[in-house]
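**Student:** how would this look folded up:
(one chain, ligands or ions: 1)
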Amino acid sequence: MINQKLKASAVALVLAAGAAATAGAAAASTAPPGTAGGDDTAAAGSAPEIVIPDLSEYTIGFAQVGAESGWRTANTQSIQAAAEEAGVELIFTDAQGEQENQVESIRQFIEQGVDLIAFSPVVETGWDAVLLEARDAGIPVVLTDRAIDSEEEGLYVTFLGSDFVQEGEWAGEWVLEEFADADHVNIVELQGTTGSAPAIDRAEGFRNVVTDERFEIIASQTGDFTREGGKEVMEAFLQSNDDIDLVFAHNDDMGLGAIQAIEAAGFVPGEDIKIVTIDAVHDGMEALANGSINFIVECNPLLGPQLMAIAGSVLAGEEVPERIVTIERTFTQEEAAEALPDRQY
Ligand code: AHR
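**Tutor:** Numbers count the residues shown, from 1 in each chain. The predicted structure is shown next:
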């Protein structure tokens, strides 16, 4: 299973990329909202420059969450394009948002004897049994995008993805600045998929920062990371609350759905009701540039090249960092207008 022919230089590249990404994220954690996070700001919002190794001897099973958002579509495209460049046989499955489908896919990957399994867990818990089966079969597992929550050690080799707590904190820091002079701010929150790492961590990060009693989260409900979900939940929020100042949406798609509901209720999104979201996908950035959204925290979906590089290292029997954090930044309305022409997703 391990290809000793993979060059040590390729392995070193992976480790360097991982270290750079981690260091960049560490620097990013101190960057205030509205500024690029981290020293290597060119890397934010684009695929990190990584040499994709030749993996043509291998098969990778990738169990995707679904196609719930623009972010997910960009993530899928990045993984499939990088796999093609690596020449790897990619067995790609779409769990349609259901954990049981993902578990089933992983079991099939084990039966098929793939060389490596990668997946983005729909929710945080409930993975021990199937990941122990993968471990017993000697198949390395790489988590991408989302973490799992388990007491069990050694269920996966590494976790490549964003710092979701940090994303929630950056959203919260912008809120503190934007409403610095307000006496009272009524906030509604559109949460991501219940039990998923980004929903749990972004809610936590936001609350870590927005602690002042002037800020009140008057309603919080899941919109399942979809545009339709965001619209429906926002309609309900607007019916039961007549004084909403701010929407905190855990992703752009739900924010875009909320915009539709706000306009239908006769309000002006971005003015009567401010909106902060997470992702910075193309549609979200357009809404930010035209003033309907007020601020976006980036969540970079372009994980394909790094995943292939990590797979190369793992399959060569090399150590990889346990955690590789994606470099990200934030966008004001002016910054979105500047960034849009070169935006990759
Ligand atoms: O796990 C990443 C999140 O999943 C993105 O923020 C959201 O858009 C997607 O559905």
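**Student:** how near is residue 295 to the ligand?
**Tutor:** Per C-beta to the nearest ligand atom, to the nearest Å, residue 295 is found 15 Å from the ligand. No exception for glycine: its C-beta is placed from N, CA and C like everyone else's.
**Student:** So what's the residue count around that residue?
**Tutor:** A count of nearby residues for residue 295, using other C-beta atoms under 10 Å, gives 26.
**Student:** That one reaches residue 280, doesn't it?
**Tutor:** No: between residue 295 and residue 280 there is no contact under C-beta atoms under 8 Å: 10.3 Å.
**Student:** so what sits against both of those two?
**Tutor:** residue 331 (C-beta atoms under 8 Å, 6 or more residues apart in numbering).
**Student:** Show the pLDDT at residue 50.
**Tutor:** We have a pLDDT of 89 for residue 50.
**Student:** List the contacts of the helix or strand containing residue 190.
**Tutor:** Here residue 190 sits within strand 185-191, counting by DSSP states H and E. For strand 185-191, contacts defined as C-beta under 8 Å, 6+ apart pick out 175, 179, 199, 202-203, 206, 210, 214-223, 229-230, 233-234, 237, 241, 243-250, 254-255, 257-258.
**Student:** So which of the residues you listed sit within strands?
**Tutor:** When DSSP state E defines the strands, the subset of the contacts of strand 185-191 inside them is 215, 216, 217, 218, 219, 220, 221, 222, 246, 247, 248, 249.
**Student:** restrict the contacts of strand 185-191 to those near the ligand?
**Tutor:** Among the contacts of strand 185-191, no residue sits close to the ligand (C-beta under 6 Å from any ligand atom).
**Student:** PyMOL command to pick out the buried ones of those residues?
**Tutor:** Buried residues among the contacts of strand 185-191 (16 or more other C-beta atoms under 10 Å), as a PyMOL selection:
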select buried, resi 175+179+199+202+203+206+210+215+217+219+221+222+223+229+230+233+234+237+244+245+246+247+248+249+250+254+255+257+258
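**Student:** And the pLDDT at the residue lying closest to residue 94 once chain neighbours are set aside?
**Tutor:** If the residues on either side of it in the chain are set aside, residue 94 comes closest to residue 64, at 5.2 Å by C-beta to C-beta, 6 or more residues apart in numbering. Looking at residue 64, its pLDDT is 98.
**Student:** and this protein, which residues reach the ligand?
**Tutor:** 68-69, 71-72, 145-146, 198, 225, 251, 253, 278-279, 299.
**Student:** Among those, which are located in strands?
**Tutor:** Of these, the ones assigned to strands by DSSP E are 278, 279.
**Student:** Most neighbours out of the residues of the chain next to the ligand, which is it?
**Tutor:** residue 251 (34 neighbours).
**Student:** my guess is it meets residue 280, correct?
**Tutor:** No: in this structure residue 251 lies outside contact range of residue 280 using C-beta under 8 Å: 9.9 Å.
**Student:** so what sits against both of these two?
**Tutor:** What both residue 251 and residue 280 touch, as defined by C-beta under 8 Å, 6+ apart, is the set residue 299.
**Student:** Quick check, the residue nearest to residue 94 in contact with residue 76.
**Tutor:** Yes: here residue 64 reaches residue 76: they are 5.8 Å apart, a contact under C-beta under 8 Å.
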